[in-house]
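*Asks:* for reference, the sequence and a predicted model appear below.
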Amino acid sequence: MASGSITSRCSGSNWTPKQNKQFEEALAFYDKETPDRWQKVARAVAGKSVEEVKRHYEILVNDIMQIESDQVPLPNYRSTGSNSRCYGNGR
């Protein structure tokens, strides 16, 4: 896998952070009512086909459904005090 790329689960397709950003922006711009939505989204995402953006969207929708139905466990964050974040001064 190329450095800085993310393999889309079950799709076998690598997506860079830049492509994911392009995908998100295209989805926000071209809503469900847009004619030829997937063709337009694919054109907005460098190097991705219509089938790749459709599959990426299906994976995204499935992930959201799992999260909303509590099928994804919440992370167990450990706290080291009242404020576990340290800012500045090397703390």
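*Replies:* Nice, I can see it.
*Asks:* tell me how many other residues surround the nearest residue to Glu25 once chain neighbours are set aside.
*Replies:* Among residues not flanking Glu25 along the chain, Ala44 sits closest, at 7.1 Å (C-beta to C-beta, 6 or more residues apart in numbering). In short, each C-beta sits where N, CA and C put it, glycine included. Applying other C-beta atoms under 10 Å, we find 17 residues neighbouring Ala44.
*Asks:* also Arg43?
*Replies:* 14.
*Asks:* quick check: it is in a strand.
*Replies:* No. Read with DSSP: H, G, I helix; E, B strand; the rest coil, Arg43 is helix and lies in no strand.
*Asks:* tell me the pLDDT of it.
*Replies:* pLDDT for Arg43: 98.
*Asks:* buried stuff in the helix ranked longest in the chain?
*Replies:* If you go by DSSP state H, the chain has its longest helix at helix 50-68. For helix 50-68, the neighbour count (16 or more other C-beta atoms under 10 Å) marks Glu52, Val53, Lys54, Arg55, His56 as buried.
*Asks:* quick one, phi/psi of Trp15?
*Replies:* Backbone dihedrals for Trp15, given as degrees, to the nearest 10, come out at phi -120, psi 120.
*Asks:* that one contacts Gln22, correct?
*Replies:* No. Taking contacts as C-beta atoms under 8 Å, Trp15 lies outside contact range of Gln22: 9.6 Å.
*Asks:* counting by contacts, list what the longest helix of the chain packs against.
*Replies:* helix 17-29, helix 37-44 (3 or more C-beta pairs under 8 Å, 6 or more residues apart in numbering; DSSP states H and E).
*Asks:* residues contacting the last one, please?
*Replies:* What it means is helix 37-44. 22-23, 25-27, 29-31, 34, 48-50, 52-54, 57 (C-beta atoms under 8 Å, 6 or more residues apart in numbering).
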